[in-house]
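Visitor: I'd like to go over a predicted model; first the sequence, then the structure.
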Amino acid sequence: MEATARKFYTVDEDLAPIIKGVIPLPNVEDVDGLRFLNNLASVGHCWTPKWGYSNVDGKKQWTYFFLSHNQAGGLTGEGYAVRYGSSYPTPEPRVMAFAICKHEAVAGANANPRRGWHPARCKHCGLDMTVDSGD
């Protein structure tokens, strides 16, 4: 199946239903809280923070989202969700990674890895996954 051409995801069109808790958090994986804090301290400035609600197991709860970007600055549809811990549904906070798509890169025809040029797109959603590590 050929992926639809897509440069990046948007908050308003793609991520809003997730951030509002309208739809369940997709492709959820629990993350160790200390690992998340370490990532936040080192690359948190690269993420877009958004406050909202996560819908997990049919329950909505206050959540702070940290959205990931590709090298060009567009949202990738991935990120972390830090869910508030209260007596409902659980007393402990929960840190999760989520992704609209489990991206798999397909290299572009003019790739030149020796020069640091890696044009690519996701074979599922068409996300631009190009990386230019330069000479």
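Guide: Okay, I see it.

Visitor: Which positions within the longest helix that the chain contains qualify as buried?
Guide: The longest helix of the chain (DSSP state H) is helix 33-43. For helix 33-43, a neighbour-count test (16 or more other CB atoms under 10 Å) marks 36, 39-40 as buried. C-betas here are computed from N, CA, C, even on glycine.

Visitor: try stretch 103-122
Guide: Counting neighbours by 16+ other CB under 10 Å, stretch 103-122 gives 103, 117-122 as buried.

Visitor: and if you look at stretch 68-85?
Guide: 68-70, 75-83.

Visitor: nearest to Pro26, of those residues?
Guide: Taking CB to CB as the measure, Pro26 lies nearest Gly77 of the buried residues of stretch 68-85, at 8.6 Å.

Visitor: Run through the residues that contact that closest one.
Guide: 9, 14-15, 99-101, 125, 127 (CB atoms under 8 Å, 6 or more residues apart in numbering).

Visitor: What strand or helix carries it?
Guide: Using DSSP states H and E, Gly77 sits within strand 75-83.

Visitor: Next, the angle helix 33-43 makes with that strand.
Guide: For strand 75-83 against helix 33-43, the angle by axes from the mean of the first three to the mean of the last three CA atoms, to 10 degrees is 130 degrees.

Visitor: and the helix or strand just after strand 75-83, what does it pack onto?
Guide: Using DSSP H and E, the helix or strand that follows strand 75-83 in sequence is strand 94-99. Using 3 or more CB pairs under 8 Å, 6 or more residues apart in numbering; DSSP states H and E, the elements in contact with strand 94-99 are strand 29-30, strand 48-56, strand 75-83.

Visitor: Now the second one: buried residues?
Guide: Within strand 48-56, the residues that count as buried by 16+ other CB under 10 Å are 50, 52-56.
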